[in-house]
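Novice: From the sequence below, what's the structure:
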Amino acid sequence: MTAMTDPSGSPSADGGAPDTITIALADDHTVVRRALRLLLEAEPDFEVVADATDTEAAIRYVRGHKPAVLILDLNMPGRPSLEAIPEIREASPETKIVVLTMQKEAAFARRALQLGVLGYVLKEAADVELVQAVRSAAAGNTYLQPALGARLAAEPEHGKDDLSEREIEVLRQIALGHTNAEIAEKLYISVRTVETHRAHIQQKLGVSSRAELVRSALSRGLVET
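Specialist: Presented below is the predicted three-dimensional model:
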């Protein structure tokens, strides 16, 4: 008799092997993806079916493979990961998202959860937290790293007027239609720094798309209509 399992991959009372939890990885660092694959595939019921190096590839692979769980890095080249989450969820509504990131700020975790992410784990704790987060998300439950949970409870949500001078300038450049590379050249900073500033701005303003960023810039008088 075939064993029945719950979504977390645990065997039912009927016994037998657990169902496979399919996983897609999205991280722009090859070494990190290889390490994560080794960590995850050490679990007998985990299978990594795809890995992506940017958000657009993550959307394509999620649409094509329909994995049970997507592990998503927040800081990848190109389109910000947070901005892509609604499209990822639309591409495969059944796929649960676990964020794996270096971003410790409570605002990032808060915004990710608001967008429908079910897991949030810091990379520094991936070896002990990620497997549990994947199982929890696959079962439809929220997993927040304990240290982050405490930080969320202790830190209030950002207000809408606490952008730094650099973030204000980045927001203005975004509203003017410049790409991340163009902004980096204009401000003499790296593209990765621009992406980080943009992610911070989105967190503080509670927005997730370029159109919303442009509206925010217009409402602040940063650009002329």
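
Novice: mind listing the helices for this structure?
Specialist: For the chain, the helices defined by DSSP state H cover 30-41, 55-65, 81-91, 106-114, 126-138, 146-154, 165-175, 180-187, 191-205, 210-219.

Novice: lowest-confidence stretch among those?
Specialist: Mean pLDDT per stretch puts helix 146-154 lowest among the helices of the chain, at a mean of 72.

Novice: List the buried residues in that one.
Specialist: Counting neighbours by 16 or more other C-beta atoms under 10 Å, one finds that the buried residues in helix 146-154 are 148, 151-152. Quick note: C-beta positions are derived from backbone N, CA and C, even for glycine.

Novice: and this protein, what are its domains?
Specialist: Here the domain parsing of the chain from automatic domain parsing is 21-154, 165-219.

Novice: Quick check: which of these is buried the most?
Specialist: With neighbours defined as mean count of other C-beta atoms under 10 Å, these peak in mean count at domain 21-154, which reaches a mean of 19.

Novice: wait, Pro77 sits on Asp54?
Specialist: Yes: shown here, Pro77 and Asp54 form a contact pair, counting by C-beta atoms under 8 Å, at 5.4 Å.

Novice: intersection of neighbour lists for these two?
Specialist: Asp28 (C-beta atoms under 8 Å, 6 or more residues apart in numbering).

Novice: I'd assumed Val214 was in contact with Ala175.
Specialist: Yes: here Ala175 reaches Val214: they are 4.7 Å apart, a contact under C-beta under 8 Å.

Novice: before we move on, back to that, can you list the buried residues of helix 146-154 in a markdown table and add distance to Glu47?
Specialist: As requested, the buried residues of helix 146-154 are arranged in a markdown table below (distance: C-beta to C-beta, whole Å):
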| residue | distance to Glu47 |
| --- | --- |
| Leu148 | 27 |
| Arg151 | 33 |
| Leu152 | 32 |
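
Novice: So which of those residues is the closest to Arg60?
Specialist: Nearest to Arg60 among the buried residues of helix 146-154: Leu148, at 29.3 Å, using C-beta to C-beta.

Novice: quick one: that closest one from His29, how far?
Specialist: Using C-beta to C-beta, to the nearest Å, we find Leu148 at a distance of 21 Å from His29.

Novice: Lys104 too?
Specialist: With C-beta to C-beta as the criterion, Lys104 and His29 are 18 Å apart.

Novice: measure Arg172 to Asn180 for me?
Specialist: Going from Arg172 to Asn180 by C-beta to C-beta gives 14 Å.

Novice: Likewise for Leu39?
Specialist: Where Asn180 is concerned, Leu39 sits at a distance of 31 Å (C-beta to C-beta).

Novice: Check the offset of stretch 202-214 from the chain's centre.
Specialist: Taking C-alpha atoms, centre = their mean, to the nearest Å, one finds stretch 202-214 lying 15 Å from the centre of the chain it belongs to.
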